[in-house]
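[1] Predicted model and sequence follow; I will ask about them next.
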Amino acid sequence: MTLVFSPDGKTLATMGGNGGARLWDLATNTQIGTPLGRSVATAAAFSPDSKTLATVGDSGARLWDLATHTQIGTPLGSGEASAVAFSPDGKTLATVSNNSNVRLWDVATHAQIGASFTIGPPSTPNQPWPPTVAFSPDGKTLATVSYDGKARLWDVTTHNQIGPPFGDGLLPRVAFSPDGKTLATVGGDGKARVWDVTTHTQSGASLTTGPASTPDQLLQSMVAFSPDGRTLATVGNDGIALLWDLATHTQIDALPALGVTTVAFSPDGKTLATGDLDGTARLWDLVAVTGLPVNIDVARADRLNPQPVAFSPNGKTLATVGNDGTARLWDVATRTQIGAPFGSGVDTVAFSPDSKTLATVGNDGIAQLWDIATHNPIGPPFGSDVDTVAFSPNGKTLATVGNDGIALLWDIATLIPIGPPFGSGGGMVAISLNGKTLATVGNDGKVHQRDAATNAQIGAPFGSDVDTMAFSPDGKTLATIGSDLTARLWDIATHAQIGAPFGSGVGAVAFSPDRKTLATAGNGTAQLWDLATHAQIGPSLGTKVSAVAFSPDGKTLATAGPDGTQLWPISPEISPTNLLDAVCAIAGGSLTRQEWSTYIPSEPFQPVCP
């Protein structure tokens, strides 16, 4: 399957199997009318105004009026064609035949512009993949890859080749960056490369998209630039789509899908479309931490391990856990990944108070400290069967709790335990932000409060079947989640419950810095609660949410789950009694139908915001 977005982002065209191109309404995900044409369409391109579709296949190129679904005039040329592209002004169409001849066509008259020109040698039995063509953003240059696996640049006006060929063993996938300064290609060695258009030299390191190709896998490789030119999407010969940060040439993420053969970004960069071997097209929401997905394994975001996402105390960095089990750091201001992923099998992350160190716990139960600036480990791994970790407010001590519920305090400077182990049972630990109180869950399922300096227990245990807990910023309140999956608040001084339980299906909690709001993750969405009244504030947020975290200034909520990490602006004007005003405050305007169905599935769609 091949696919392409319309420039206005409203329509997706797909080609695959028998028959012509199919059009899909992206607002409703429904097919628009019948397929265009009866002959097999192998490639297509939208005109820049989204009003016309050009298709090529076994009977030349055809233009289609998308308002009427009728063919415009006669076919352009005859015989098989393998690739097609509109010039940026929509006045010229380029087609490539299977014998490596390029023709330029006047879209208005359907007349050929000048003579055809050859972009490389004809095919051989060992090189069955077709050539490809792409216009530069200014419309002055064509990029081609032919059967010899080399890229060439051509002057559109003169049809002359610009400079020598470059690359070797490239597959017929080529894409210009939005600024026209770089070109991306993929090779039979399973690597994508970015080239400087002026010098024809490679820029940066090669990107490993998958294993080296075999003859029956050559058509699976693919490259596409995001509209802002900062991200490259690739498909390897293993059918896995990867996203790359072009500033650092590091992998951002992998889509949890197999059998992908083609990818395309939506014009606004918020959606990635993939086409599969089985003819299925899928749309992926890329509005997350960087405008891109940050997938978090749901198995690592359960009730006993609720923080696979964390803000640094200075608010500049977000730490997440990818579905590959690595830790990733993100610049909150620019929403770009900082360096390469690090660690292995990571389950939990926690920042030190000075934001310079990250503590991780792996699925092997071993803790590790990392230097935020270098991503290098600090000291050796430590602990055994560790479940959770928490820094003391002065950053000099780290508390760990193991699978056996035994807690240990560690000297950060030496990574030597401080005093004997203590506690037993629940495998949870929390340290109040004032550093005076340590809370653990015992094997009785109750919260045991301890003096952080002496480890002496303070008062009687409280709560029941507690799984998760978090201190309020002032250290006066503890939020817990029990086996009934509701949130409860406790007065630390008296150990008395504050008000009735609230929420349902709750698996994670986080206090806002001003202690006025509690965020919970429950039943797949995030909720905000007024701590004075226990009333929900505004609508539920997101889908498949399993973890929540407030930014240090309290103006942003991060939600995480198997579909990615997303940042939400928190408005103080949101009223729990006015759902629609709350939606408008969060969205900054009316939602699309797709956004409405995602965030407010229980209400019928209506354009309600001013």
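    Yep, that arrived.

[2] Show me this protein divided up by domain.
    According to automatic domain parsing, the chain comprises the domains 1-118, 140-146+160-287, 462-583.

[3] how about the ones you listed in JSON lines, adding mean pLDDT and distance to residue 332?
    C-betas here are computed from N, CA, C, even on glycine. Shown next, in JSON lines, are the domains of the chain (pLDDT from 0 to 100; distance: least, Cβ to Cβ, whole Å):
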{"stretch": "domain 1-118", "mean pLDDT": "87", "distance to residue 332": "27"}
{"stretch": "domain 140-146+160-287", "mean pLDDT": "83", "distance to residue 332": "15"}
{"stretch": "domain 462-583", "mean pLDDT": "83", "distance to residue 332": "7"}
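
[4] Would you format the ones you listed as JSON lines with distance to residue 343 and mean neighbour count included?
    Converted to JSON lines, these look like this (distance: least, Cβ to Cβ, whole Å; neighbours: other Cβ atoms under 10 Å):
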{"stretch": "domain 1-118", "distance to residue 343": "35", "mean neighbour count": "18"}
{"stretch": "domain 140-146+160-287", "distance to residue 343": "14", "mean neighbour count": "19"}
{"stretch": "domain 462-583", "distance to residue 343": "17", "mean neighbour count": "19"}
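
[5] closest one to residue 369 among these?
    domain 462-583 (20.0 Å; Cβ to Cβ).

[6] Out of the domains of the chain, which gets nearest to residue 313?
    Nearest of the domains of the chain to residue 313, taken as Cβ to Cβ: domain 462-583 at 5.8 Å.

[7] And the helices in this protein, which stretches?
    Here the chain has its helices, by DSSP state H, at 579-587, 593-599.

[8] For stretch 330-347, which residues meet the burial criterion?
    Neighbour counts over stretch 330-347 (16 or more other Cβ atoms under 10 Å) mark 330, 332, 336, 337, 338, 341, 342, 343, 345, 346, 347 as buried.

[9] Return the closest of these with respect to residue 110.
    residue 336 (45.2 Å).

[10] pLDDT wise, what is the closest one at?
    Predicted confidence (pLDDT) for residue 336: 71.

[11] contacting residues around residue 248?
    Residue 248 makes contact with 337, 339, 340, according to Cβ atoms under 8 Å, 6 or more residues apart in numbering.

[12] In TSV: those, plus distance to residue 102.
    Listed next are these as TSV, based on distance: Cβ to Cβ, whole Å:
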residue	distance to residue 102
337	38
339	42
340	40
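
[13] Relative to residue 521, which of those residues is nearest.
    Nearest member of the contacts of residue 248 to residue 521, counting by Cβ to Cβ, is residue 337, at 23.5 Å.

[14] Bridged to that closest one, which residues?
    Beta bridges link residue 337 to residue 330, judged by DSSP bridges.

[15] same question, residue 489
    residue 479, residue 498.

[16] hang on, it packs against residue 478?
    Yes - with contact defined as Cβ atoms under 8 Å, residue 489 counts as touching residue 478 (7.3 Å).

[17] quick one: the strands in the stretch 201-350 of the chain?
    207-208, 222-225, 231-235, 241-245, 250-254, 260-265, 271-276, 281-285, 309-311, 317-321, 327-331, 336-337, 346-351 (DSSP state E, counting those that start in this stretch).

[18] Residue 61 is nearest to which of those strands?
    strand 260-265 (19.5 Å).

[19] Phi first, then psi, for the residue of the chain most remote from its centre.
    Outermost residue of the chain with respect to the C-alpha centroid, by Cα atoms, centre = their mean, is residue 459; its distance is 46.0 Å. Main-chain dihedrals, residue 459, degrees, to the nearest 10: phi 70, psi -170.

[20] Name whatever forms a beta bridge with residue 350.
    residue 359.

[21] pLDDT value on it, please?
    We have a pLDDT of 90 for residue 350.

[22] ok now do it, which residues does it touch?
    Counting by Cβ under 8 Å, 6+ apart, the residues that residue 350 touches are 307, 310, 358, 359, 360, 389, 390, 391.

[23] Export those residues to CSV and append columns for pLDDT.
    Formatted as CSV, the contacts of residue 350 follow (pLDDT from 0 to 100):
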residue, pLDDT
307, 42
310, 83
358, 96
359, 95
360, 94
389, 86
390, 84
391, 88
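
[24] In PyMOL, how would I select the buried members of the residues you listed?
    Selection of buried members from the contacts of residue 350 for PyMOL, criterion 16+ other Cβ under 10 Å:
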select buried, resi 307+310+358+359+360+389+390+391
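
[25] can you put the contacts of residue 350 in JSON lines and add distance to residue 9?
    Output for these, formatted as JSON lines (distance: Cβ to Cβ, whole Å):
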{"residue": "307", "distance to residue 9": "35"}
{"residue": "310", "distance to residue 9": "34"}
{"residue": "358", "distance to residue 9": "37"}
{"residue": "359", "distance to residue 9": "42"}
{"residue": "360", "distance to residue 9": "39"}
{"residue": "389", "distance to residue 9": "43"}
{"residue": "390", "distance to residue 9": "44"}
{"residue": "391", "distance to residue 9": "44"}
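
[26] Closest to residue 63 out of the contacts of residue 350?
    Looking across the contacts of residue 350 and measuring by Cβ to Cβ, the closest to residue 63 is residue 310, at 53.0 Å.

[27] Pretty sure the closest one sits against residue 319.
    Yes - contact criterion Cβ under 8 Å: residue 310 and residue 319 qualify, at 4.9 Å.

[28] So for these two, which residues contact both of them?
    349, 351.

[29] what sits against residue 446?
    Counted by Cβ under 8 Å, 6+ apart, residue 446 has contacts 461, 462, 463, 464, 466.

[30] Let me have those in CSV, extended by distance to residue 505.
    Putting these into CSV (distance: Cβ to Cβ, whole Å) gives the following:
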residue, distance to residue 505
461, 26
462, 23
463, 19
464, 18
466, 16
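
[31] between those residues, which is nearest residue 204?
    Closest to residue 204, out of all of the contacts of residue 446 and judged by Cβ to Cβ, is residue 466, at 49.7 Å.

[32] CA atoms only: put stretch 86-94 into CSV for me.
    C-alpha atoms of stretch 86-94 as CSV (Å, rounded to 0.1, in the frame of the first residue of the first chain):
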residue,chain,number,x,y,z
PHE,A,86,3.3,18.1,-8.7
SER,A,87,5.5,21.1,-8.8
PRO,A,88,4.9,23.4,-5.8
ASP,A,89,2.9,25.9,-7.9
GLY,A,90,0.7,23.1,-9.2
LYS,A,91,1.4,24.0,-12.9
THR,A,92,3.7,21.1,-13.8
LEU,A,93,3.5,17.4,-13.3
ALA,A,94,6.5,15.0,-13.4
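
[33] Provide the contact partners of that stretch at residue level.
    45-49, 52, 54, 61, 63, 76, 83-85, 102-108, 113, 133, 135, 137-139, 142, 156.

[34] and the gap between the residue nearest to residue 113 when sequence neighbours are not counted and residue 263?
    For residue 113, ignoring the flanking residues on the chain, the nearest one in space by Cβ to Cβ, 6 or more residues apart in numbering is residue 104 at 4.2 Å. Remark: distance between residue 104 and residue 263 (Cβ to Cβ, to the nearest Å) = 27 Å.
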